[in-house]
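Enquirer: How does the following fold in three dimensions:
(one chain, ligands or ions: 2)
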Amino acid sequence: MELRQEASDLQEYSNAKLDRVTRYLGVLADKTRKLDQAALETEARISPLIHEKKKLFNELLTAKGSVKVFCRTRPLFEDEGPSVVEFPDEFTIRINTGDDNVSNPKKDFEFDRVYGPHVGQAELFGDVQPFVQSALDGFNVSIFAYGQTNSGKTYTMEGSSHDRGLYARSFEELFDLANSDTTSTSRFSFSVTVVDLHKEQIRDLLSECGKSLPKVHLGPPDSFVELVQEKVDNPLDFSRVLKVAFHNRGTDTLKFTVSHLIITIHINYNNLITGEKLYSKLSLIDLAGNETLAVEDDSGERATDLLHVMRSLSALGDVLASLTSKKDTVPYENSMLTKVLADSLGGSSKTLMIVNVCSNASNLPKTLSSLNFCARARNAILSLGNRDTIKKWRDVANDARKELYEKEKETNDLKQDIIGLKQALKNANDQCVLLYNEVQKAWKVSFMLQSDLKSENSLLSDKHKIEKDQNAQLRNQVAQLLQLEQDQNLQIQQRDSTIQTLQAKLKSIELQLNEALRSSDAKLANGLESRSVAQLNHGATGDGMDSVAVTKKLEEELLKRDALIEVWYS
Ligand code: ADP
Ligand code: MG
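Expert: Ligands and ions are numbered 1, 2, ... in the order given. Predicted coordinates for the structure are as follows:
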């Protein structure tokens with residue numbers, strides 16, 4: 001009984017609790033809807049700001065055209081002799097031509113940045129970073145390492161294990177930027193293609209790879225090449241894929257100097273809220289060496305290689321020059337190199353040329369050739385670099401940077417709002433989970449109680465059945481006893497009637513006896529008077545015999561009766 005009461009109390013309690021939880025869940029669902037709505041609205045407010053930020057950043061980056069040139073001079077080895085270059089400021093490289101025939105043997109070249117031999121990979125990357133950012137913002141970006149063989153192109157791009165170059169640093173930056181915004185509803189995914197371009201022939205260095213993604217097209221729609229793209233989710237993946245590509249490229253270092261290596265990081269952007277999707281790519285190109293054909297040394301195969309390199313590099317120079325001078329038609333068609341990179345050269349894309357220089361005297365002609373090539377690409381040889389222009393552009397850049405900073409601040413404030421909203425949403429969700437657990441617990445208790453009740457019921461019904469059986473047995477026994485009693489009563493009645501008969505008999509015998517006694521007395525009196533003593537004795541003996549027999553019979557009858565009565569009462 002107690003258990004039943006407890007069970008029903010608990011069930012009532014759990015039902016009440018369930019009611020409360022259901023009501024609360026409704027409130028929470030409503031709250032969640034409102035928070036989602038608020039998040040959507042904030043995202044909608046942020047979106048134009050982010051777009052504006054990208055636009056401003058893009059304007060800042062393209063303030064002086066979409067082609068930028070950095071110049072890097074590598075440190076000289078001991079046996080290479082003294083340097084013939086100077087660095088008057090961070091935008092100028094001054095070459096001492098040693099030509100005494102001209103009034104000023106020193107020639108200045110101005111670029112967007114000039115790095116002396118002691119500038120390391122990290123500092124260089126600091127200036128390359130905006131290009132990487134721009135690629136993540138949805139613009140195609142191409143970064144070339146240009147220069148004669150042995151000038152530091154591969155060092156700049158690949159670097160060494162302890163001082164990584166642009167490949168690794170660029171991908172790490174993309175990865176960090178893509179993951180830095182924890183509140184964002186933006187999702188980025190990356191994949192990589194690697195090709196070797198030799199004598200106008202493309203070789204896919206990842207052709208043997210996983211092929212988990214569909215092939216990607218490079219080049220114009222009418223003559224594209226299909227490449228295997230390898231998905232890369234993190235910097236480790238990226239370096240693993242590059243290792244495979246380098247392995248597939250082989251070990252013929254001489255061949256490397258006459259082929260271009262194009263590593264492209266494909267960036268897919270997806271905004272989960274607005275549904276906006278963007279695709280852009282960052283191409284990093286370690287160009288073939290900028291050599292001149294020395295007819296006496298180079299012949300046969302090597303000469304053909306060099307001719308192909310010269311042709312493709314000059315085609316690249318032409319494309320860049322026409323982009324810089326804003327010509328209507330850009331000659332992409334003149335080489336495979338410019339064809340496959342056409343969508344990363346011009347238009348809204350950005351190009352960074354890093355010209356590598358070896359600053360000793362023996363390399364002077366090649367250095368001048370490289371610098372002239374890049375100066376043409378940038379359309380900014382000596383005479384154009386006047387300090388006022390530079391100052392003016394710096395002011396423009398500073399203003400833009402300031403505006404960018406303010407927009408960024410506004411964006412950050414909104415992002416903080418989103419963080420708050422998302423935290424509230426998370427708290428609400430946590431509470432939902434807690435309540436859900438409580439409901440489950442209550443259900444469990446009520447279930448247990450129900451099963452307790454069930455087992456108690458079955459126990460009771462068993463008990464009830466046993467009692468019923470016992471009752472039936474008792475009833476049977478009572479009926480038997482009643483039957484016995486009836487039988488005994490019948491026997492008593494029979495005995496009573498026997499007794500009555502016996503008593504009647506006794507009475508008649510007594511009567512007979514009395515009669516006999518009376519007559520005997522009378523006879524006795526008469527005898528005294530008329531008969532002799534002998535006759536008296538004889539008569540007495542005869543009459544005396546009769547009365548003794550009667551008395552004996554009487555006594556027997558009485559004994560019988562007493563025995564019967566005794567049996568009856570026993
Ligand atoms: P390239 O690829 O243009 O033929 P490399 O990158 O192979 O030239 O560089 C030639 C040599 O100079 C290599 O031994 C490289 O380690 C070294 N080197 C190039 N640039 C630098 C630098 N900035 N600092 C230190 N060593 C460099
Ligand atoms: Mg190299």
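Enquirer: tell me what the host helix or strand of F131 is packed against?
Expert: Using DSSP states H and E, the element containing F131 is helix 121-136. The elements that helix 121-136 packs onto, with contact taken as 3 or more CB pairs under 8 Å, 6 or more residues apart in numbering; DSSP states H and E, are helix 2-61, strand 67-74, strand 113-115, strand 141-147, helix 166-180, strand 260-271, strand 277-286, strand 350-358. (Each C-beta comes from the backbone N, C-alpha and C, glycine too.)
Enquirer: For ligand 1, find the nearest of those.
Expert: Among the helices and strands packed on helix 121-136, the nearest to ligand 1 by CB to the nearest ligand atom is strand 67-74 (3.4 Å).
Enquirer: close to ligand 2, is that closest one?
Expert: No: applying CB under 5 Å from the ion, one finds strand 67-74 separated from ligand 2 by no less than 11.6 Å.
Enquirer: and if you look at stretch 156-176?
Expert: No: counting by CB under 5 Å from the ion, ligand 2 is not contacted by stretch 156-176; separation bottoms out at 8.0 Å.
Enquirer: For that stretch, measure first residue to last.
Expert: Counting by CA to CA, to the nearest Å, you get 21 Å between the two ends of stretch 156-176.
Enquirer: returning to that earlier point: rounded mean pLDDT for the helix holding F131, please.
Expert: Summarised as a single mean, pLDDT over helix 121-136 is 94.
Enquirer: and that helix with helix 2-61, angle?
Expert: 100 degrees (axes from the mean of the first three to the mean of the last three CA atoms, to 10 degrees).
Enquirer: Now tabulate the helices and strands packed on helix 121-136 in TSV and tack on mean pLDDT.
Expert: Shown next, in TSV, are these (pLDDT from 0 to 100):
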stretch	mean pLDDT
helix 2-61	79
strand 67-74	94
strand 113-115	95
strand 141-147	97
helix 166-180	94
strand 260-271	95
strand 277-286	96
strand 350-358	95
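Enquirer: got TSV for those, with mean neighbour count too?
Expert: As requested, the helices and strands packed on helix 121-136 are exported to TSV (neighbours: other CB atoms under 10 Å):
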stretch	mean neighbour count
helix 2-61	15
strand 67-74	24
strand 113-115	22
strand 141-147	27
helix 166-180	19
strand 260-271	21
strand 277-286	21
strand 350-358	26
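Enquirer: Now distance to ligand 1 too, for the ones you listed, in TSV please.
Expert: Listed next are the helices and strands packed on helix 121-136 as TSV, based on distance: least, CB to the nearest ligand atom, whole Å:
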stretch	distance to ligand 1
helix 2-61	25
strand 67-74	3
strand 113-115	8
strand 141-147	6
helix 166-180	12
strand 260-271	10
strand 277-286	7
strand 350-358	6
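Enquirer: element containing the residue of the stretch 101-250 of the chain found nearest ligand 2, please.
Expert: Distances between the stretch 101-250 of the chain and ligand 2 by CB to the ion are smallest at T154, namely 3.2 Å. For T154, the host element (DSSP H and E) is helix 153-157.
Enquirer: How about residues contacting that helix?
Expert: The contact list for helix 153-157 (CB atoms under 8 Å, 6 or more residues apart in numbering) reads 72, 74, 121, 124, 145-147, 165-167, 256, 261, 284, 286-287, 289, 354, 356.
Enquirer: for stretch 169-189, same thing?
Expert: 43, 121-122, 125, 128-129, 132-133, 135-136, 143, 190, 231-235, 238, 265, 267-273, 282, 284, 415, 418-419, 422.
Enquirer: Get me the contact residues on this protein for ligand 2.
Expert: Within the chain, the positions near ligand 2 by CB under 5 Å from the ion are 153-154.
Enquirer: Buried ones in the strand or helix carrying F109, by neighbour count?
Expert: Using DSSP H and E, F109 sits within strand 106-110. Buried residues in strand 106-110, counted by 16 or more other CB atoms under 10 Å: 107-110.
Enquirer: Of all pairs in those, which one is the farthest apart?
Expert: Within the buried residues of strand 106-110, K107 and E110 form the most distant pair, 11.1 Å apart (CB to CB).
Enquirer: where does the stretch 151-300 of the chain come near ligand 1, residue by residue?
Expert: 151-155, 289 (CB under 6 Å from any ligand atom).
Enquirer: From the contact counts, what lies against the top helix by length along the chain?
Expert: The residue-count maximum for a helix in the chain (DSSP state H) belongs to helix 387-530. When contacts are defined as 3+ CB pairs under 8 Å, 6+ apart, helix 387-530 packs onto helix 2-61, helix 533-569.
Enquirer: Show me how far the helix holding T154 is from its chain's centre.
Expert: The gap between where helix 153-157 is centred and where its chain is centred comes out at 39 Å by CA atoms, centre = their mean, to the nearest Å.
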